[in-house]
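1. Here's a sequence, model it:
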Amino acid sequence: MSHLYKSWPPGLSRRTLPFVILALVAMLALVIPFDEALSRGAQALPEAGRTAFLSITNYGLSDWVLLPTLALAILLGIAAALTRPEPWKSALGEGAQIFAFIFICVGFPGLFTAIVKRLLGRGRPENLDAVGALGFQHFVNDHSFQSFPSGHTTTSFALAYAIGFLWPKAFWPLLVVAVLVGISRVVIGVHFPSDVLAGAVVGTVLAFAVRNVFVRRGWLFAREADGAIRRRPLAGLAALFQSRSR
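-> Residues are numbered from 1 along each chain as shown. I've put the predicted structure just below:
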């Protein structure tokens, strides 16, 4: 989990950015020729397998993350502004920052993906027979032509990193779930493998970008002497729980 403490995912930096972009384009170019075969093969799985993936795919919806985190960030922020006694004031402020971070860390990649998929207008697998795996209707707000990148995959990967930045031990279980969500999008026939790959990249990179903004602002995270980025101690919440446990 050491990469969670770095500014960017492994291999990515300002110096390597052009090479990373070329590598991602090359990777997509290798995957796209197999999109149709992989998509049809995944959809041909036994019904029991498809049902299992149907049960997990909605984890990638953003509403269940964005709505409560936004509401809690606002309510806790207002409560912190109106509260005077410590450690309540600090604890409420820290809670507001945590929920605001999760909201932005998931919402920004999701917004980016929503814009890109509408601009590109790639046809979903349901349109395979009509337009193939590379059929496009640019700038048309038609859900059946909003395949690239996968929004559910973007959300699930961004959420895994958002929580992982805050509590690293939770990262790997959430990453496994994110991978399963990505696979589910192919199995249930709403995305191609290349859509899922792109969504994973967008969710990961933009989650790091949001965390870097918080670091520069001194919000919730700090860069330590060894260059590692870690969450600041939640002193207010710790003090509040200690006082309540006495």
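2. ok now do the residue sitting nearest the centre point of the chain, which residues does it touch?
-> Centroid check for the chain by CA atoms, centre = their mean gives Ala158 as the closest residue, at 1.6 Å. Ala158 sits next to Cys105, Val106, Pro109, Gly110, Gly203, Thr204, Leu206, Ala207 when contact means CB atoms under 8 Å, 6 or more residues apart in numbering. For the C-beta atoms, the positions are set from N, CA and C on the backbone; glycine is no exception.
3. neighbour-wise, which of those leads?
-> Among those, Gly203 has the most neighbours (other CB atoms under 10 Å), with 32 neighbours.
4. What helices and strands are in contact with the strand or helix carrying that residue?
-> Element membership for Gly203, per DSSP states H and E: helix 193-217. Using 3 or more CB pairs under 8 Å, 6 or more residues apart in numbering; DSSP states H and E as the contact test, the elements touching helix 193-217 are helix 17-31, helix 35-43, helix 88-120, helix 151-166, helix 171-187, strand 221-223.
5. Contacts for the second one, please.
-> Counting contacts by CB under 8 Å, 6+ apart, the residues outside helix 35-43 that touch it are 50, 125, 128, 132-133, 183, 186-189, 192-194.
6. What average pLDDT does that helix get?
-> Average pLDDT, helix 35-43: 93.
7. Going by neighbour count, list what's buried in the lowest-mean-pLDDT helix or strand in the chain.
-> Lowest on mean pLDDT, DSSP states H and E among the helices and strands of the chain sits helix 235-245, with a mean of 76. Residues Gly236, Leu237, Leu240 are the ones in helix 235-245 that count as buried (16 or more other CB atoms under 10 Å).
8. got it, and stretch 55-74?
-> Within stretch 55-74, the residues scored as buried using 16+ other CB under 10 Å are Thr57, Tyr59, Gly60, Ser62, Val65, Leu66, Thr69, Leu70, Leu72, Ala73.
9. How many neighbouring residues does the residue lying closest to Thr83 once chain neighbours are set aside have?
-> Counting by CB to CB, 6 or more residues apart in numbering, Thr83 lies nearest to Lys89, which is 4.6 Å off, once chain neighbours are set aside. Other residues near Lys89 number 17, with proximity taken as other CB under 10 Å.
10. and Leu61, what does it touch?
-> Contacts of Leu61 (CB under 8 Å, 6+ apart): His152, Thr155.
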